[in-house]
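Visitor: Any chance you can model this:
(one chain, ligands or ions: 2)
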Amino acid sequence: MILVTGGAGFIGSNFVLDWCAGADEPVVNLDKLTYAGNLANLASLRDDPNHVFVQGDIGDVALVRRLLAEHRPRAVVNFAAESHVDRSIHGPEDFIQTNIVGTFHLLEAVRDYWGALPDAEKAAFRFLHVSTDEVYGSLAKDDPAFSETNRYEPNSPYSASKAASDHLVRAYHHTYGLPVLTTNCSNNYGPYHFPEKLIPLCIHNALAGKPLPIYGDGQQIRDWLFVKDHCSAIRRVLDAGRLGEVYNVGGWNEKANLDVVGTLCAILDELSPRADGQSYKTQITFVTDRPGHDRRYAIDASKLERELGWKPAETFETGIRKTVQWYLDNQEWVANVTSGNYREWLGKQYGA
Ligand code: NAD
Ligand code: DAU
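Guide: Ligands and ions are numbered 1, 2, ... in the order given. Predicted coordinates:
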């Protein structure tokens, strides 16, 4: 069996759902259920004996030790993190606690467990750390895409905390021999994406008749990857990645934010037109930029393709259409996650 952390969040829940659909191997899912964790994402697994959910913190060493001893996983896949850049700007402390201190405690518990395994199990064990392209900093327009050898230049409290966790994971391999793998992925989108991030926020606001907030000039560039492709990349690295190696994961889909939102509006105009016949694009509103906003990310995912044969299955065009359709079909899920705390966040970030 495997232990997944943060498996009630956006990417983690997609990973757990795909895992349970595709493998007959149990998964223990440890998640603190912060505002970003949502058991409704996992509702279809309620009667699946291969899914064991445990509410708890990766920083709770006693709990993690108990889970490792009880379930004896062959791998740990660490998704658990505070993940929203804007929240890290308003309040970095939770990011330091979970992403750095929490990862440290998790590594300590895993190191003890792994160290006591019999030789064959010890050799087969893996700790896969899920990280981000944001650790590499910001690119100029014509710079080559990030490769695994780019130096770390994190610019936000979020990316700095992820960078620190990556360094800890690396150090546990070099110092203690812990069999680690690290993936650094670009921007994901798809089902169960919490509507504080650009794509689900804009779908939600468009349908609610609210402004679609574009930071600054909207020409910041991100590389976009459909979440199911990120999950398949993680499975591939877990199966065949070389120990201690880092793999960049990306969709070869660089887009300016304004273009992404324009595409969303065009798909919504087609699938769920406004009653007044106008385009959702009329709701686009330019707002104050994010402090320290990274201008461009781009991922060179050729190592993963060359060494492990992984390529994304979706283009941006196919993935974004599936995503918009998913939100149209799952308005109840959206309504449930956009209640109390969510509204407080919108007030804090976007004002009136
Ligand atoms: P998310 O915010 O949607 O989910 C994070 C999950 O972790 C939540 O379920 C939350 O309850 C849980 N969690 C938070 N603190 C915890 C703790 N102390 N102990 C246990 N569980 C805790 O995040 P996401 O977008 O699904 O990202 C998952 C991972 O992938 C993160 O490590 C993130 O840095 C990384 N990542 C995300 C993206 C992206 O585009 N979303 C891209 C690359 C990498
Ligand atoms: O690159 C990978 C990262 O992608 C992950 O590590 C993070 O966990 C994930 O949240 C995401 O970070 P971003 O900051 O790129 O995602 P976000 O959706 O917050 O913003 C995407 C872009 O859109 C970014 O340039 C900021 C901009 N934006 C965002 C919001 C929420 C807006 O213009 N308006 C908005 O209201």
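Visitor: Provide the secondary structure category for residue 76.
Guide: Here residue 76 is recorded as strand under DSSP: H, G, I helix; E, B strand; the rest coil.
Visitor: how about it, what does it touch?
Guide: Counting by C-beta atoms under 8 Å, 6 or more residues apart in numbering, residue 76 touches 2-5, 106, 110, 126-128. Bear in mind the C-beta positions are built from the backbone N, C-alpha and C, glycine included.
Visitor: and which of these is nearest ligand 2?
Guide: Using C-beta to the nearest ligand atom, residue 5 is the member of these that lies nearest ligand 2, at 15.1 Å.
Visitor: For that closest one, name its beta-bridge partners.
Guide: Residue 5 has these beta-bridge partners by DSSP bridges: residue 30, residue 78.
Visitor: That one contacts residue 73, correct?
Guide: No - applying C-beta atoms under 8 Å, one finds residue 5 not in contact with residue 73, separated by 11.0 Å.
Visitor: List, one by one, the residues from the stretch 101-250 of the chain near ligand 2.
Guide: Within the stretch 101-250 of the chain, the positions adjacent to ligand 2 are 132-134, 186-187, 197-198, 201, 213-215, 220, 222 by C-beta under 6 Å from any ligand atom.
Visitor: What's the PyMOL line that selects buried ones from the residues you listed?
Guide: Here is the PyMOL selection string for the buried members of these, based on 16 or more other C-beta atoms under 10 Å:
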select buried, resi 132+133+134+186+187+197+198+201+213+214+220+222
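Visitor: State the distance from residue 18 to residue 192.
Guide: According to C-beta to C-beta, to the nearest Å, residue 18 and residue 192 sit 12 Å apart.
Visitor: quick one, which of the two is more surrounded?
Guide: Counted by other C-beta atoms under 10 Å, residue 18 and residue 192 do not tie: residue 192 has more neighbours, with 22 against 16.
Visitor: Provide a list of residues in contact with residue 160.
Guide: Shown in contact with residue 160 (C-beta under 8 Å, 6+ apart): residue 154.
Visitor: so it, which of the three states?
Guide: helix.
Visitor: Which positions in the protein make contact with ligand 1?
Guide: 5-6, 8-12, 30-34, 36-37, 57-59, 79-83, 98, 102, 130, 132, 162, 185, 187-188, 194.
Visitor: Select from the residues you listed every entry located in helices.
Guide: 10-12, 162 (DSSP state H).
Visitor: quick revisit: redo the residues of the stretch 101-250 of the chain next to ligand 2 as JSON lines? Include pLDDT.
Guide: Converted to JSON lines, those look like this (pLDDT from 0 to 100):
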{"residue": "132", "pLDDT": "98"}
{"residue": "133", "pLDDT": "98"}
{"residue": "134", "pLDDT": "98"}
{"residue": "186", "pLDDT": "98"}
{"residue": "187", "pLDDT": "98"}
{"residue": "197", "pLDDT": "98"}
{"residue": "198", "pLDDT": "98"}
{"residue": "201", "pLDDT": "98"}
{"residue": "213", "pLDDT": "98"}
{"residue": "214", "pLDDT": "98"}
{"residue": "215", "pLDDT": "98"}
{"residue": "220", "pLDDT": "98"}
{"residue": "222", "pLDDT": "98"}
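Visitor: Distance to residue 24 added to the residues of the stretch 101-250 of the chain next to ligand 2, as TSV?
Guide: Output for these, formatted as TSV (distance: C-beta to C-beta, whole Å):
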residue	distance to residue 24
132	31
133	33
134	35
186	31
187	32
197	33
198	37
201	37
213	44
214	45
215	45
220	43
222	36
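Visitor: how about the helices in the stretch 201-350 of the chain?
Guide: 227-240, 257-271, 302-308, 316-329, 331-337, 340-350 (DSSP state H, counting those that start in this stretch).
Visitor: Now find how far off-centre the longest one is within its chain.
Guide: Relative to the chain's own centre, helix 257-271 is displaced by 22 Å; criterion: C-alpha atoms, centre = their mean, to the nearest Å.
Visitor: That helix relative to helix 316-329, how many degrees between them?
Guide: 60 degrees (axes from the mean of the first three to the mean of the last three C-alpha atoms, to 10 degrees).
Visitor: Mind giving me the PyMOL select for the residues of the chain next to ligand 1, buried ones only?
Guide: Only the buried members of these end up in this PyMOL selection, burial being decided by 16+ other C-beta under 10 Å:
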select buried, resi 5+6+8+9+10+11+12+30+31+32+34+36+37+57+58+59+79+80+81+82+83+98+102+130+132+162+185+187+188+194
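Visitor: my guess is residue 95 contacts residue 154, does it?
Guide: No - Residue 95 is beyond contact range of residue 154, at 11.2 Å (criterion: C-beta under 8 Å).
Visitor: Of those two, give the one with the bigger neighbour count.
Guide: Shown here are residue 95 and residue 154; by other C-beta under 10 Å, residue 95 has more neighbours (26 against 20).
Visitor: Next, see if the helix or strand that one falls within gets close to ligand 2.
Guide: Taking DSSP states H and E as the criterion, residue 95 maps to helix 93-95. No - using C-beta under 6 Å from any ligand atom, helix 93-95 never reaches ligand 2; the gap is at least 10.6 Å.
Visitor: sorry, back to before: any idea which of the helices of the stretch 201-350 of the chain is most buried?
Guide: Mean neighbour count (mean count of other C-beta atoms under 10 Å) peaks for helix 227-240 among the helices of the stretch 201-350 of the chain, with a mean of 20.
Visitor: That one packs against which elements?
Guide: Helix 227-240 sits against helix 10-22, strand 75-78, strand 126-132, strand 180-185, strand 187-189, strand 246-249, helix 302-308, with contacts defined as 3 or more C-beta pairs under 8 Å, 6 or more residues apart in numbering; DSSP states H and E.
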